[in-house]
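Undergrad: could you work out the structure for the sequence below:
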Amino acid sequence: QVQLVESGGGLVQAGGSLRLSCAASGRTFSSYAMGWFRQAPGKEREFVAAINWSGGVAYYADSVKGRFTISRDNTKNTVYLQMNSLKYEDTAVYYCAGDLGRTGRVTTLSNEYDYWGQGTQVTVSS
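TA: Prediction:
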């Protein structure tokens, strides 16, 4: 079992920054890949970013590339999502997820992830 708890969401003006954190427990954190997804009202959940076990491989959705950075600290069992130059369309509930089936590679497919956090709200005002 893996437990994931997100934090760091909030209200920010367009152009601002936020850093989301996701604390993991229950299994050796460095043994699996992690991802961030988001879901806006009335829309499907979508992939944002993913990172492999070591942090050496990261992948981003085109919509956030160049603005968001995913990273992880295996000593703290935490994955981060640094979000800069936020836009109104980034408003959503953000979820972190653990992919226990992968270590070196990452996937953008939400159904490949095994565990999910409860989500944290990010609201960007225009």
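
Undergrad: what about the spatially most central residue of the chain, which helix or strand?
TA: When the chain is reduced to its mean C-alpha position, the nearest residue by CA atoms, centre = their mean turns out to be Trp36, at 2.3 Å. Per DSSP states H and E: Trp36 is located in strand 33-39.

Undergrad: name the SS class of Glu89, please.
TA: Following DSSP: H, G, I helix; E, B strand; the rest coil, the label given to Glu89 is helix.

Undergrad: and Gly15, by the same measure?
TA: Secondary structure, three-state DSSP: Gly15 is coil.

Undergrad: residue contacts, the closest residue to it other than its chain neighbours?
TA: In space, and not counting its chain neighbours, Gly15 is closest to Ser85: 6.2 Å by CB to CB, 6 or more residues apart in numbering. (C-beta placed from N, C-alpha, C; glycine too.) Ser85 sits next to Gly15, Ser17, Arg67 when contact means CB atoms under 8 Å, 6 or more residues apart in numbering.

Undergrad: for those residues, which one is nearest Val124?
TA: For these, the residue nearest Val124 by CB to CB is Gly15; the value is 8.9 Å.

Undergrad: just to revisit the earlier point, by neighbours, which of the contacts of Ser85 wins?
TA: Arg67 (15 neighbours; other CB atoms under 10 Å).
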